[in-house]
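In: quick one: sequence and predicted model below, then my questions.
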Amino acid sequence: MATNQPGDQLLYELRAREAWSQRDYEKARVIAGQAVDLALQDDNQVAWWNMAFFQAECFREEGAVEESVKVAELLRAHPLTDQSPALAARVLTLLGIGLQGIGQLPSAVDAARNAVDLAARDNAPRELLINALRALIATLAESDQVGEAWNECLVLAALITTDTSSQISGKAYWVIGNVAFLRQEVADGAKYHRLAAAHLSPNNDLDLWARFNRASAAKRLAAGVVDAETLECIERAETASSIVGGNDRDQLELSLTRAHWLVLTGQLNAAVKRLKPICADSTILASQTAGEANLLLGRALAGRGDDIEAMNYLDAAKANFIQSGAHDRAAHVAELIESLMQPESTTT
């Protein structure tokens with residue numbers, strides 16, 4: 001039986017991180033899994049923890065969010081996590097993002113809030129708190145708790161200094177801008193997203209640049225902002241995505257953003273054509289995002305007079321929002337369904 005050499009663990013870790021840097025997340029995850037197995041054989045708990053966490057991040061980047069959540073849950077129960085508030089904050093931040101990604105919004109908020117509480121302790125790295133706050137703000141906003149999300153945005157903005165790394169600052173401004181748009185504060189939303197764009201360089205991380213521009217466009221469209229700057233965001237995201245690829249979920253969300261633009265600009269036939277395959281494949285999306293897709297398709301169909309077909313998609317949207325815990329959006333869809341039923345009831 002072959003024995004493990006002292007440098008094997010480090011070699012696996014270096015190879016995994018090299019694959020990550022080349023955006024080969026599947027390869028990175030497989031190598032990290034080998035490192036996890038080796039750490040178990042050697043009873044090296046620290047190495048196991050680090051590589052298992054890295055595995056969870058790889059799963060997330062691959063779009064396998066449920067798998068990422070499973071590993072994060074294992075890490076949360078590990079003795080090392082119990083012993084370190086900083087490690088616990090990292091795990092709970094990862095878990096909050098993952099739970100949001102699979103549409104478990106109340107649990108996502110709880111995990112992210114606990115991460116913030118742990119990261120706010122004395123001597124914790126500021127970056128840890130910034131990342132935890134970003135997760136909490138995103139989960140609150142997705143849960144329709146926009147007022148509370150904005151309060152946390154004010155805390156986050158105060159943490160950004162000239163010493164904060166450019167990418168960390170960019171991601172923070174990004175989430176603050178998202179919430180401003182949700183509050184219909186369009187000028188503030190645009191301001192913070194321009195700050196984010198100034199800190200996030202396509203030369204440093206083209207994939208992140210694609211995701212930022214897609215998200216910026218999505219939040220602008222949600223606020224009803226249909227202008228040249230919004231279209232530029234969509235086109236930048238599509239161009240960057242065509243270069244870096246991205247997982248199936250990323251591609252579907254980008255297509256959904258373009259479809260939203262088509263709906264708001266009155267191109268209903270083109271919107272329906274794009275939205276039907278998105279809704280058919282929506283099981284790979286978070287349930288609240290699937291709800292947005294079904295809602296858009298219902299609106300587009302109703303807009304061109306296909307009320308009966310529209311009702312089917314609006315019913316699906318309502319169910320998606322209820323499942324994820326986005327009750328305000330579910331209530332909004334219920335009102336749309338009622339308004340579509342109203343003309344029928346008045347003629348009978």
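Out: Okay, I see it.
In: for the protein, what helix or strand is lowest in average pLDDT?
Out: None of the helices or strands of the chain scores lower by mean pLDDT, DSSP states H and E than helix 327-347, at a mean of 80.
In: where does Gly224 fall, phi/psi-wise?
Out: Backbone geometry at Gly224, expressed as degrees, to the nearest 10, gives phi 80, psi 20.
In: OK, contacts around it?
Out: Counting by Cβ atoms under 8 Å, 6 or more residues apart in numbering, Gly224 touches Leu264. No exception for glycine: its C-beta is placed from N, CA and C like everyone else's.
In: check it and give its pLDDT.
Out: Gly224 is assigned 92 on the pLDDT scale.
In: about what we covered before: what are the contacting residues of the least confident helix or strand of the chain?
Out: If you take Cβ under 8 Å, 6+ apart as the criterion, helix 327-347 is touched by 144, 288, 291, 295, 298-299, 302, 307, 310-311, 314-315, 317-318, 321-322.
In: what is the nearest of the residues you listed to Ala222?
Out: For these, the residue nearest Ala222 by Cβ to Cβ is Leu295; the value is 11.1 Å.
In: tally of neighbours for the closest one?
Out: Per other Cβ atoms under 10 Å, the neighbour tally for Leu295 reads 25.
In: try Arg134
Out: Around Arg134 there are 25 other residues, counting by other Cβ under 10 Å.
In: find the nearest non-adjacent residue to it, please.
Out: Sequence neighbours aside, Val175 is the residue nearest to Arg134 in space, at 4.9 Å (criterion: Cβ to Cβ, 6 or more residues apart in numbering).
In: one more: Arg274?
Out: Ala259 (4.4 Å).
In: and for Ala300?
Out: Ala271 is the one closest to Ala300 (Cβ to Cβ, 6+ apart), at 4.4 Å.
In: wait, doesn't that neighbour sit right on Val263?
Out: Yes. Contact criterion Cβ atoms under 8 Å: Ala271 and Val263 qualify, at 4.6 Å.
In: what about Leu200, how many neighbours?
Out: If we define neighbours as other Cβ under 10 Å, then Leu200 has 21 of them.
In: actually Leu297, not the one I typed
Out: A count of nearby residues for Leu297, using other Cβ under 10 Å, gives 27.
In: with Arg90 instead?
Out: If you count neighbours by other Cβ under 10 Å, Arg90 ends up with 22.
In: which residues of the stretch 1-150 of the chain score low on pLDDT?
Out: For the stretch 1-150 of the chain, the stretches with pLDDT under 70 are 1-6.
In: that one: helices as residue ranges?
Out: Under the criterion DSSP state H, counting those that start in this stretch, the stretch 1-150 of the chain contains helices at 8-21, 25-42, 45-62, 65-76, 79-83, 85-101, 105-119, 126-142, 146-159.
In: could you dump these to a markdown table with distance to Lys276?
Out: A markdown table is the format used below for the helices of the stretch 1-150 of the chain (distance: least, Cβ to Cβ, whole Å):
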| stretch | distance to Lys276 |
| --- | --- |
| helix 8-21 | 35 |
| helix 25-42 | 29 |
| helix 45-62 | 26 |
| helix 65-76 | 24 |
| helix 79-83 | 44 |
| helix 85-101 | 24 |
| helix 105-119 | 26 |
| helix 126-142 | 25 |
| helix 146-159 | 30 |
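In: those helices: which one's closest to Asn204?
Out: Closest to Asn204 of those, according to Cβ to Cβ: helix 8-21, at 11.8 Å.
In: circling back to that earlier point, so which of the contacts of helix 327-347 are in helices?
Out: Of the positions in those, 288, 291, 295, 298-299, 302, 307, 310-311, 314-315, 317-318, 321-322 sit in helices, assigned by DSSP state H.
In: need the max-distance pair from these.
Out: Distances among the ones in helices among the contacts of helix 327-347 were taken as Cβ to Cβ; the most separated pair is Gln288 and Asp307, at 24.6 Å.
In: more neighbours: the two, which one.
Out: Per other Cβ under 10 Å, whichever of Gln288 and Asp307 has more neighbours is Gln288, with 23 against 15.
In: show me what contacts the closest residue to the more buried one other than its chain neighbours?
Out: Of all residues not flanking Gln288 in the chain, Ser324 sits nearest, at 4.1 Å (Cβ to Cβ, 6+ apart). By Cβ under 8 Å, 6+ apart, the residues touching Ser324 are 103-105, 142, 286-288, 291.
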